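Enquirer: dropping a prediction and its sequence here:
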Amino acid sequence: MQAVRTAAVESLGEVILEGSYSRAASLAAYCQRLQEKFPMYWLFTSAEGVEPTNNHAERVQRRAVLWRRKSFGCASGAGCRFVERILTVDGTLRRQGRNALEFLSGSIAAHRLGAAGPRLCMG
């Protein structure tokens, strides 16, 4: 099976190489860009633990995409920074299995008391 996969990858590599010498400038440029990163596209076939998709990255970004769609984005630089930060905090706490509302409540309470707030990073 590995030999068949390797042969297919090599064949595709040859087609891309041929395309990089095309008279059509846009096709040649596209094939040259593909050729530069070609080994990375097939890393999942030879390296253990590398997924063939980017589903994990898409799942991580999903909340931000849904928020932006529902709220029509943000109107100011400060608003955009707030959203970036709050979504980062929420995502980090979710991955740690911690409650975001408790963290934010503790942060606000500590700020009002002039005390150190809870830590976002574990360790």
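Expert: Right, received. Where do you want to start?

Enquirer: does Cys31 really touch Glu14, like I thought?
Expert: No: at 11.2 Å, Cys31 does not count as touching Glu14 under the criterion of CB atoms under 8 Å. Using the backbone N, CA and C atoms, a C-beta is placed for each residue, glycine as well.

Enquirer: which one's more surrounded, the two?
Expert: Comparing Cys31 with Glu14 by other CB atoms under 10 Å, the one with more neighbours is Cys31, at 20 against 10.

Enquirer: what's the distance between that one and Glu18?
Expert: Applying CB to CB, to the nearest Å, the value for Cys31 to Glu18 is 8 Å.

Enquirer: if I pick Pro39, what's in contact with it?
Expert: For Pro39, the contact set (CB atoms under 8 Å, 6 or more residues apart in numbering) is empty.

Enquirer: by contact count, what packs against the longest helix along the chain?
Expert: If you go by DSSP state H, the chain has its longest helix at helix 77-96. Using 3 or more CB pairs under 8 Å, 6 or more residues apart in numbering; DSSP states H and E, the elements in contact with helix 77-96 are helix 55-71, helix 100-113.

Enquirer: turn those into JSON lines, including mean pLDDT and mean neighbour count.
Expert: Formatted as JSON lines, the helices and strands packed on helix 77-96 follow (pLDDT from 0 to 100; neighbours: other CB atoms under 10 Å):
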{"stretch": "helix 55-71", "mean pLDDT": "80", "mean neighbour count": "11"}
{"stretch": "helix 100-113", "mean pLDDT": "94", "mean neighbour count": "12"}
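
Enquirer: which among these is found nearest to Arg23?
Expert: Arg23 sits nearest to helix 55-71 of all the helices and strands packed on helix 77-96, at 36.8 Å, using CB to CB.

Enquirer: that closest one to helix 77-96, inter-axis angle?
Expert: Going by axes from the mean of the first three to the mean of the last three CA atoms, to 10 degrees, helix 55-71 is angled at 140 degrees with respect to helix 77-96.
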